[in-house]
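Asks: need the 3D shape of this:
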Amino acid sequence: MSTNPRQLALLEVMQSQGSVTVEYLAEKLGVTLQTVRRDVQRLADSGLLTRFHGGVRVPRSTIENIAHQQREHLNTAGKTRIAQAVAAEVPNDCSLILNIGTTTECIARALLRHSGLRVITNNLNVASILSANLNCEVIVVGGVVRGRDQGIIGEAAVDFIRQFKVDIAIIGISAIESDGSLRDFDYREVKVSQTIISHAREVWLAADSSKFNRPAMVEVGNLTQIDRLFTDASPPEPFPTLLNEAQVRYSVAQPV
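Replies: Next up is the predicted model:
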């Protein structure tokens with residue numbers, strides 16, 4: 001479906017709250033109950049929300065992610081802040097791997113003024129963005145292209161990445177569960193992400209606040225494998241304790 005700005009704002013509220021009443025949404029968005037009900041129904045029909053008596057919630061599916069086109073418009077301000085924070089820490093003249101995700105695509109845009117980068121990616125969107133930086137070499141992973149988000153997955157992608165050892169892997173993730181596990185939806189993508197993690201000297205995780213306590217089916221790894229976390233809001237409990245125990249340095253990109 002094609003969402004208008006009001007519906008995108010509604011989805012952002014839902015991503016941050018998880019479950020709310022229709023009255024709360026109307027007050028938060030400054031619109032009538034009738035308008036909210038109409039928007040909620042349309043979003044529910046598209047599978048982006050689930051209605052229940054008196055309210056609405058984000059679907060808790062562990063097997064299917066929100067469509068890439070919709071994720072591009074969710075929490076764009078937070079993802080932009082994360083991207084700027086990451087880019088500020090990436091030195092010139094280093095090697096990187098960027099994986100699949102709308103947050104890593106934002107990071108690619110934030111790296112357009114860097115020089116001397118060698119970037120390996122299994123994300124054709126990242127490759128397209130960074131190809132505009134003439135001071136950056138982009139290496140595209142071989143494999144099967146997943147049409148819905150331009151991600152490259154499969155065994156060929158795994159074999160390709162095994163050739164390299166980069167300075168920094170900058171990865172996105174679909175979910176961080178309360179046991180410290182990092183999770184995603186497609187096991188073929190997960191195999192690539194696991195290889196990326198094991199072939200980097202440092203691993204930086206870029207995840208907006210909606211990823212905490214979100215379920216997904218396939219385990220990528222654990223917070224103990226991460227060196228740095230960049231997010232857009234203070235992590236809820238129990239994540240500060242988990243991050244401290246895992247010795248993960250985390251940065252919260254606050255609004256300016």
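
Asks: alpha carbons only for contacts and neighbour counts from here, please
Replies: Will do.

Asks: quick one, strands of the stretch 51-200 of the chain?
Replies: Taking DSSP state E, counting those that start in this stretch as the criterion, the stretch 51-200 of the chain carries its strands at 55-57, 95-98, 117-121, 136-140, 144-146, 151-153, 166-171, 175-176, 181-184, 200-206.

Asks: got those strands as JSON lines, with distance to residue 109 and mean pLDDT columns?
Replies: Shown next, in JSON lines, are those (distance: least, CA to CA, whole Å; pLDDT from 0 to 100):
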{"stretch": "strand 55-57", "distance to residue 109": "32", "mean pLDDT": "82"}
{"stretch": "strand 95-98", "distance to residue 109": "12", "mean pLDDT": "98"}
{"stretch": "strand 117-121", "distance to residue 109": "13", "mean pLDDT": "98"}
{"stretch": "strand 136-140", "distance to residue 109": "12", "mean pLDDT": "98"}
{"stretch": "strand 144-146", "distance to residue 109": "21", "mean pLDDT": "93"}
{"stretch": "strand 151-153", "distance to residue 109": "17", "mean pLDDT": "95"}
{"stretch": "strand 166-171", "distance to residue 109": "14", "mean pLDDT": "98"}
{"stretch": "strand 175-176", "distance to residue 109": "23", "mean pLDDT": "92"}
{"stretch": "strand 181-184", "distance to residue 109": "23", "mean pLDDT": "95"}
{"stretch": "strand 200-206", "distance to residue 109": "14", "mean pLDDT": "98"}
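
Asks: out of these, which one sits most buried?
Replies: strand 175-176 (a mean of 27; mean count of other CA atoms under 10 Å).

Asks: CSV for the strands of the stretch 51-200 of the chain, including distance to residue 26?
Replies: Formatted as CSV, the strands of the stretch 51-200 of the chain follow (distance: least, CA to CA, whole Å):
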stretch, distance to residue 26
strand 55-57, 11
strand 95-98, 39
strand 117-121, 41
strand 136-140, 45
strand 144-146, 37
strand 151-153, 37
strand 166-171, 36
strand 175-176, 28
strand 181-184, 32
strand 200-206, 31
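
Asks: identify whichever of the ones you listed lies nearest to residue 30.
Replies: Comparing these against residue 30 with CA to CA, the closest turns out to be strand 55-57 (17.0 Å).

Asks: can you list the neighbours in contact with that closest one?
Replies: 14, 18, 19, 20, 21, 22, 40, 49, 50, 51 (CA atoms under 8 Å, 6 or more residues apart in numbering).

Asks: just among these, which is most surrounded?
Replies: residue 40 (24 neighbours; other CA atoms under 10 Å).

Asks: that's all I had, so thanks and see you.
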